[in-house]
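K.L.:
okay, structure incoming, though there's no sequence with it:
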């Protein structure tokens, strides 16, 4: 339901801009975007992976050298200025990601690999001991957080399995227009947020804007479908 404005059109994390008879693309991010802080309890591999992923996204989306350069400058500034990552770490990670040299696949050196919750420096000690004493490789996954354990009401989260997270989804209006969105959270939760935006007439929602402009239209909530699903459900390892 996004419409072109000032020769620009937003689609997921892509900004499409009409310039003459050409369509150029660059990265689009919501004003509320945020990244892992340098002091957060995540392994260095996860923090490096965030920068690698954002750099690859910029490389894949940006259609001009100017837009790619601007996006990489933004990443360097945000991670060093606001997230307090060491500048050499950020720069080296970005440069290594941009390097087109084919890197050989990582060889598994141990016969067994296990996944453990990451709890800081203790996790690294455990990994080193398991490798030295039992020849076992260890990967890390995110442990429980307050967000995992509590809802906004203060009640514990239900043990019932939620819908898979990390999907691109499609919502249709009875007029034929449709909305395509993406979320890293359970789809049912994101749909409830869309419905609340329509009820409360929030202008931050493209669906709510559509209903505001066309009050006689009806959104086919029950026809919402998943286009792409992240099989790992955004699980960090």
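P.N.:
Cool, the structure landed. Just so you know, these numbers come straight off a predicted model, no measurement behind them.

K.L.:
CA atoms for contacts and neighbours, from now on please.
P.N.:
Will do.

K.L.:
by mean pLDDT, which helix or strand of the chain comes out lowest?
P.N.:
helix 146-149 (a mean of 66; mean pLDDT, DSSP states H and E).

K.L.:
where do the strands sit along this structure?
P.N.:
All strands of the chain, identified by DSSP state E, fall at 8-11, 14-19, 22-27, 112-117, 136-141, 165-172, 178-186, 225-229.

K.L.:
so which of these gets nearest residue 55?
P.N.:
Comparing these against residue 55 with C-alpha to C-alpha, the closest turns out to be strand 22-27 (10.6 Å).

K.L.:
what residues sit buried inside the closest one?
P.N.:
Neighbour-count burial for strand 22-27, counted by 16 or more other C-alpha atoms under 10 Å, picks out 24, 25, 26, 27.

K.L.:
can you name every helix or strand that the longest helix anywhere in the chain contacts?
P.N.:
Longest helix of the chain, by residue count under DSSP state H: helix 44-61. Packing partners of helix 44-61 (3 or more C-alpha pairs under 8 Å, 6 or more residues apart in numbering; DSSP states H and E): strand 22-27, helix 65-77, helix 87-98.

K.L.:
give me the angle between it and strand 22-27.
P.N.:
170 degrees (axes from the mean of the first three to the mean of the last three C-alpha atoms, to 10 degrees).

K.L.:
who's in contact with helix 44-61?
P.N.:
14, 25-27, 35-36, 38, 68, 71-72, 75, 90, 93-94, 97-98, 236-237 (C-alpha atoms under 8 Å, 6 or more residues apart in numbering).

K.L.:
tell me what angle it forms with helix 87-98.
P.N.:
Counting by the same axes, to 10 degrees, helix 44-61 lies at 50 degrees to helix 87-98.

K.L.:
angle of helix 44-61 against strand 14-19?
P.N.:
30 degrees.

K.L.:
what about helix 44-61, average pLDDT?
P.N.:
Averaged over helix 44-61, pLDDT sits at 92.

K.L.:
distance from it to the middle of the chain?
P.N.:
10 Å (C-alpha atoms, centre = their mean, to the nearest Å).

K.L.:
then stretch 15-23?
P.N.:
That offset, for stretch 15-23, works out to 25 Å (C-alpha atoms, centre = their mean).

K.L.:
now do that stretch, average pLDDT.
P.N.:
88.

K.L.:
quick one: low-confidence parts of this structure?
P.N.:
For the chain, the stretches with pLDDT under 70 are 1-4, 102-110, 143-164, 230-237.

K.L.:
which of the contacts of helix 44-61 are buried?
P.N.:
For the contacts of helix 44-61, buried by 16+ other C-alpha under 10 Å: 14, 25-27, 38, 68, 71-72, 75, 90, 93-94, 97, 237.

K.L.:
could you chop the protein up by domain?
P.N.:
8-98, 114-143, 165-229 (automatic domain parsing).
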